[in-house]
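*Asks:* one predicted model, sequence on top.
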Amino acid sequence: MAGDVQDDIQTLYEQKVASIIPWSGATTEGVKSYISTLKEDGTWAEVDYTTGCDARRANWPAGVGHWNRVLAMAAAYRGAPRAEGYAKDPELRGAISRAMEYWFANDFSTIGNGACMDGGGLVNDTCPCGTPGLWNTNWYSNVILVPRTAGSACLLLRDELTPTELGNCTHITARAYTVFYRDPQPPYSVGANTMEISSIGITAGLLENNRTGNTTRLFDAFERVHNGLVIEKEDRVDGVKPDGSFHQHIGIIYNGNYGAVYASNVRAIELQARNTVFQANQTGRDVLGLLTEGTQWMIFSDPVAGKHYWDYVRPKSSAYLRKFMEKLTFHKQATSGIGGNITEVRVLGDAWNQAQMQRFARDLGPVPTSVNAGPLIGNKMFWNSDYMVHRTNDSITTLKLLSNRTKTSECINTQNPYGFHMSDGVVYQYSTGAEYHDMWATFDWNLAPGSTTDYNATALGCSTTEAFGIESYAGGVSTGEIISSTF
């Protein structure tokens, strides 16, 4: 049995490494530039290393800029297809070591305070503004963003890491996982974030015990992944809902953001665990299938652009929405706008013989020829989310309602400050897929399409965006072809 588990750990490692290289961004031109512009101290002039309270909270430039470069370099050293000339290149390996050494030497736990992981800049915490070290006031950067990318780079180099590098790689990944051991656990360690942190824990487990693997941590991390693959039936509880929607931040439908990340992470983890003792059971597979099916209802296509998009029901501001949509689309390739690679959906669907995932890949894999790629015909009421979708051969209509089970919207990191009315009966109608492109700068946030509001009675701003509805009366009745919705 012990030998079998050790074999499975090696299989897990090999499959995880194989999954990292395609998204590493490694190219010959890019790696050449990274080597030539790396300074002697292990930093890049092009990267903004502002840290602490002065650093930007969203997509922390220091963490993203530094570690994305290191990851691409590590993948090239490992033999990434688009940078094969750098495989096992000693100059490249030396550059990677310098870049790693800079970050590890300036890590907040090394020269600052471990409390900076998720308490930086908070009143009465032990990591006030000015605390030395590389950290961000947004817990996400310290718990997920940096450990995820740094850990991936470390895994690619696992067999060649120096003892110091291995120790630091293990520390930065295992430290992120410690949030699960707190009592109580921090409120952010739920839903999609559970998957992200568990994935980092798997990385730690593959590095620990001098690279042979920490069986205890690996089983614990996979148990947390699979414990999250459940249907959350109660209102105001995050996760996959019985209707196939996904909630995050209590009462907000988020299939197209946190739910996309959640599903992508689960797929990635399960592909890595394929044919090992760590893979999900049938119950977990069914939950991922339910989420995949629900998510497909929320996607429309623009055949002229050759892209798929999320329905605009997601809570984001106009400027951020345009930027976000650009990131979450695909053009004439098997990359899905729902946060993952369609080939991965197909491979996992086939491995599990999972019908919803197989249909998703079949319908959305080709370049779309209509607004309703697939097509998926009929209507569906997402009763847990007060959300309705009606699809015909050549049109898609969506409706967002509000009840005391769901929230209006939310504003985070100044994104979506005008979203208070986005659940007030808002209707979006798509026949070409291009109806709402480039119109958000002129959008009247007090009078969204289809809504009825007390115009300008609520001053729109971040502080007023988020609220639960008052009444329980909201929902719809559907035959599968005809639907009536009201609130």
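*Replies:* Structure's in. What do you need?

*Asks:* all contacts plus neighbour counts: C-alpha atoms, from now on.
*Replies:* Noted.

*Asks:* how near is Trp297 to Tyr254?
*Replies:* As judged by Cα to Cα, to the nearest Å, Trp297 and Tyr254 stand 13 Å apart.

*Asks:* those two: who's more crowded?
*Replies:* The residue with more neighbours, out of Trp297 and Tyr254, is Trp297; 26 against 22, by other Cα atoms under 10 Å.

*Asks:* and the closest residue to that one other than its chain neighbours, how many neighbours does it have?
*Replies:* Distances taken as Cα to Cα, 6 or more residues apart in numbering place Val389 nearest to Trp297, at 6.9 Å, with adjacent residues excluded. Burial measure for Val389: 22 neighbouring residues, criterion other Cα under 10 Å.

*Asks:* what strand or helix carries Val389?
*Replies:* strand 387-391 (DSSP states H and E).

*Asks:* quick one: contacts of that strand?
*Replies:* For strand 387-391, the external contacting residues (Cα atoms under 8 Å, 6 or more residues apart in numbering) are 297-298, 372, 376-382, 396-401, 475-476, 485.

*Asks:* okay, and which of the residues you listed map to helices?
*Replies:* Using DSSP state H, the members of those that fall in helices are Trp297.

*Asks:* strands - which of the contacts of strand 387-391 land there?
*Replies:* Mapping those onto strands (DSSP state E) picks out 378-382, 396-400, 475-476, 485.

*Asks:* among these, which pair sits farthest apart?
*Replies:* Spatially, the most separated pair among the ones in strands among the contacts of strand 387-391 is Ile396 and Gly475, at 18.7 Å (Cα to Cα).

*Asks:* helix, strand or coil for the residue positioned nearest the centre of the chain?
*Replies:* For the chain, the residue nearest the mean C-alpha position is Val261 (2.7 Å; Cα atoms, centre = their mean). Of the three states, Val261 takes helix under DSSP: H, G, I helix; E, B strand; the rest coil.

*Asks:* sorry, back to before: looking at Ile396 and Gly475, which one has more neighbours?
*Replies:* Neighbours were counted for Ile396 and for Gly475 using other Cα under 10 Å; Ile396 has more, 27 against 21.

*Asks:* show me what contacts the closest residue to the more buried one other than its chain neighbours?
*Replies:* Once flanking residues are discounted, Ile396 sits nearest to Tyr430: 5.1 Å by Cα to Cα, 6+ apart. Tyr430 sits next to Phe300, Val371, Ser395, Ile396, Thr397 when contact means Cα under 8 Å, 6+ apart.

*Asks:* what about 10 Å?
*Replies:* Shown in contact with Tyr430 (Cα atoms under 10 Å, 6 or more residues apart in numbering): 300-302, 311, 371-372, 391, 394-398, 436.

*Asks:* for it, what are phi and psi?
*Replies:* phi -120, psi 130 (degrees, to the nearest 10).

*Asks:* now swap in Phe468 and tell me
*Replies:* phi -70, psi 150.

*Asks:* tally of neighbours for it?
*Replies:* The tally of other residues near Phe468 (other Cα under 10 Å) stands at 17.

*Asks:* please apply the same query to Asn209.
*Replies:* 12.

*Asks:* now do the SS call for it.
*Replies:* Per three-state DSSP, the local secondary structure of Asn209 is coil.

*Asks:* any weak-confidence spans in the stretch 301-450 of the chain?
*Replies:* 314-340 (pLDDT under 70).

*Asks:* and the gap between the nearest residue to Gly52 once chain neighbours are set aside and Leu447?
*Replies:* Leaving out its chain neighbours, the residue that sits closest to Gly52 by Cα to Cα, 6+ apart is Asn136, at 4.9 Å. Taking Cα to Cα as the measure, Asn136 falls 37 Å from Leu447.

*Asks:* have a look at those two and say which one is more surrounded.
*Replies:* Neighbours were counted for Asn136 and for Leu447 using other Cα under 10 Å; Asn136 has more, 28 against 17.
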